[in-house]
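1. please find the sequence and the predicted model below.
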Amino acid sequence: MAMKSASKPRAPLVPMGKKRCDDPRIDYKDLTYITKFMTPQAQIQSRRRTSFCAQCQRQLKQAVKRARHVGLLPFVG
Ligand SMILES: [Zn+2]
């Protein structure tokens, strides 16, 4: 038996052009920026999709939760 292969190819590591997390101006009030890293269902995208490092992904997570708390973003889309 061959090794189990992944059923679908992985998403590219950097899908959003040359976007790097050098300058992540993550602010929970900046919805146009934050929603770029969310799915249409208002879920936060994974680090593989956002290409953020752990620190910036954590900032994004906190910003999204903050925005949800003050009613700028939905909890479920
Ligand atoms: Zn970073």
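-> Now that the structure is in, tell me what you want to look at.
2. can you check the pLDDT for residue 51?
-> Per-residue confidence (pLDDT) for residue 51: 89.
3. tell me, how many residues neighbour it?
-> Other residues near residue 51 come to 20 when the count uses other Cβ atoms under 10 Å. For every residue, glycine as well, the C-beta is placed using N, CA and C.
4. measure it to residue 35 for me?
-> In this structure, residue 51 lies at 16 Å from residue 35, with Cβ to Cβ, to the nearest Å as the measure.
5. go on, residue 49?
-> 13 Å.
6. got any residues that touch both of these two?
-> A shared contact of residue 49 and residue 35, defined by Cβ atoms under 8 Å, 6 or more residues apart in numbering, is any residue touching both; here there are none.
7. buried residues, the lowest-mean-pLDDT helix or strand in the chain. List them.
-> Ranked by mean pLDDT, DSSP states H and E, the helix or strand of the chain with the weakest confidence is helix 47-50, at a mean of 92. Applying a neighbour-count criterion of 16 or more other Cβ atoms under 10 Å, the buried positions in helix 47-50 are 47, 49, 50.
8. nearest residue to the first one in space, ignoring adjacent ones along the chain?
-> Right, residue 47. What sits nearest to residue 47 in space, not counting adjacent residues and going by Cβ to Cβ, 6 or more residues apart in numbering, is residue 57, at 4.9 Å.
9. look up the closest residue to residue 35, ignoring the ones flanking it.
-> If you skip the residues right next to it in sequence, residue 35 has residue 73 as its closest partner in space, 7.6 Å away by Cβ to Cβ, 6+ apart.
10. whoops, I mixed them up, residue 74
-> In space, and not counting its chain neighbours, residue 74 is closest to residue 42: 5.0 Å by Cβ to Cβ, 6+ apart.
11. can you give me the pLDDT of that neighbour?
-> You'll see residue 42 listed with a pLDDT of 92.
12. how about the contacts made by residue 68?
-> 74, 75.
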